[in-house]
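In: Need coordinates for the following:
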Amino acid sequence: MADVAAVQPEPDLVQLLTPEGQRVEHPDYPLEIDDDEIGRLYRDLVLVRRIDSEAIALQRQGELGLWASLLGQEAAQIGAGRALRPQDMAFPTYREHGVAWCKDVDPLTLLGLFRGTNLGGWNPSDNNFNLYTIVIGAQTLHATGYAMGVARDGAVGTGDPDRDTAVIAFFGDGASSQGDVNEAFVWAGAGNLPVVFFCQNNQWAISEPVTTQSRVPLYHRATGFGFPGVRVDGNDVLACLAVTRKAMDDARSAQGPTLIEAFTYRMNPHTTNDDPRRYRPGSEADTWKLKDPLERVRAYLTREAGFGADFFSAIEDEGKALAEHIRTGCRALPDPSPSSLFDHVNVTLDPDVVAQRAGFVDFVSEVAK
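Out: Take a look at the predicted model:
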């Protein structure tokens, strides 16, 4: 590994890998990691970006109803995701495809939700990764409630690394203005709960810049709720890994919650039905392209760690195979039956709903003829 320079570019931004691919130090977040581990992080970044690009293509071809892209936010998600232990529980929004990858969720289960074939029906207990949440900010309350249960079950502060558990809730800068998020902060702070709030500040809540929501950096809000906040370079996978690892360790050891603001940028539209050209200056994206989370890791591996073309070519081949798995698997997903629309709404269907279901099924059958 190349020597790590004792440099910190900005005092309020934790950064361990510069956009040029240079390792730097931060006194509060040392990271012991070898080049092979960094290479595996690069593989994660590349493959998750490939999942994203394939999903966008499938949506454009009419195979998906919608897709929420993570382009530009890969480092924040992979860094946070790889900081989790198997017993840790993650509560995502609707674009945490990188965290899902780290939690071994098959990308096809994500595509099934946006295709309308699985209705979000993967089993959270298989991966400790909760269902995607469309209601903005609601998952922070879910995470806080789960953290209450973890604490009451005595799975915090025992000193057993296989038992002590932390919870992490992901949300965006737009959600930081939601009442649910601030209520979650209140409960987490008052109860000293083992939950980490991970805000991906990608600068835009659909069409509104973050500057219309807050006059101070978002991580400063944590102080008012009685727990620490930290801003990390969200395009630096090493910094995101180090900061999240420390916050999760603190939570597992009963030191309470942390708010992490990953300062990043949404390179693509908010979703595939959004047109950011209507509200966002193009020069902004051009500036952030120079901070690409993949390119800085590739630069380090190439210039400092001596990784050759064979390494990158192998990952490229793996990405092609993954893309084929996604394309073929997505088109093969079975369509749900019309009656399944009613299956998970009520425990017991009253006679009126039973009649409505029968009428709907008959209608669909007639239309299909």
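
In: now the helices for this structure?
Out: 35-60, 74-81, 97-102, 107-115, 124-127, 138-152, 179-191, 221-225, 237-252, 282-289, 293-299, 309-332, 351-368 (DSSP state H).

In: between these, which one is nearest to residue 262?
Out: Evaluated with CB to CB, those place helix 74-81 nearest to residue 262, the distance being 4.0 Å. For the C-beta atoms, the positions are set from N, CA and C on the backbone; glycine is no exception.

In: Which secondary structure elements does the closest one sit against?
Out: helix 35-60, helix 97-102, strand 167-172, strand 195-201, helix 237-252, strand 258-263, helix 293-299 (3 or more CB pairs under 8 Å, 6 or more residues apart in numbering; DSSP states H and E).

In: nearest to residue 329, of those?
Out: helix 35-60 (10.4 Å).

In: picking that back up, for the helices and strands packed on helix 74-81, give me a markdown table that also has mean neighbour count and distance to residue 108.
Out: Listed next are these as a markdown table, based on neighbours: other CB atoms under 10 Å; distance: least, CB to CB, whole Å:
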| stretch | mean neighbour count | distance to residue 108 |
| --- | --- | --- |
| helix 35-60 | 19 | 10 |
| helix 97-102 | 25 | 11 |
| strand 167-172 | 28 | 21 |
| strand 195-201 | 30 | 24 |
| helix 237-252 | 25 | 25 |
| strand 258-263 | 27 | 27 |
| helix 293-299 | 21 | 23 |
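
In: now the ones you listed as a markdown table including distance to residue 20 and mean pLDDT?
Out: A markdown table is the format used below for these (distance: least, CB to CB, whole Å; pLDDT from 0 to 100):
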| stretch | distance to residue 20 | mean pLDDT |
| --- | --- | --- |
| helix 35-60 | 15 | 98 |
| helix 97-102 | 23 | 98 |
| strand 167-172 | 28 | 98 |
| strand 195-201 | 23 | 98 |
| helix 237-252 | 14 | 98 |
| strand 258-263 | 18 | 98 |
| helix 293-299 | 6 | 98 |
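
In: so can I have a markdown table of these showing distance to residue 365?
Out: Formatted as a markdown table, the helices and strands packed on helix 74-81 follow (distance: least, CB to CB, whole Å):
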| stretch | distance to residue 365 |
| --- | --- |
| helix 35-60 | 28 |
| helix 97-102 | 36 |
| strand 167-172 | 41 |
| strand 195-201 | 44 |
| helix 237-252 | 51 |
| strand 258-263 | 49 |
| helix 293-299 | 49 |
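
In: mind checking which of the ones you listed is nearest residue 354?
Out: Short answer: helix 35-60, nearest of these by CB to CB, at 35.1 Å.

In: same for that closest one, what does it pack against?
Out: Taking 3+ CB pairs under 8 Å, 6+ apart as the contact cut, helix 35-60 packs with helix 74-81, helix 97-102, helix 107-115, helix 237-252, helix 293-299, helix 309-332.

In: Let's have those in CSV, adding distance to residue 148.
Out: Converted to CSV, the helices and strands packed on helix 35-60 look like this (distance: least, CB to CB, whole Å):
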stretch, distance to residue 148
helix 74-81, 22
helix 97-102, 22
helix 107-115, 27
helix 237-252, 13
helix 293-299, 34
helix 309-332, 37
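
In: Which of these sits closest to residue 26?
Out: Nearest to residue 26, of the helices and strands packed on helix 35-60 and by CB to CB, is helix 237-252 at 7.4 Å.
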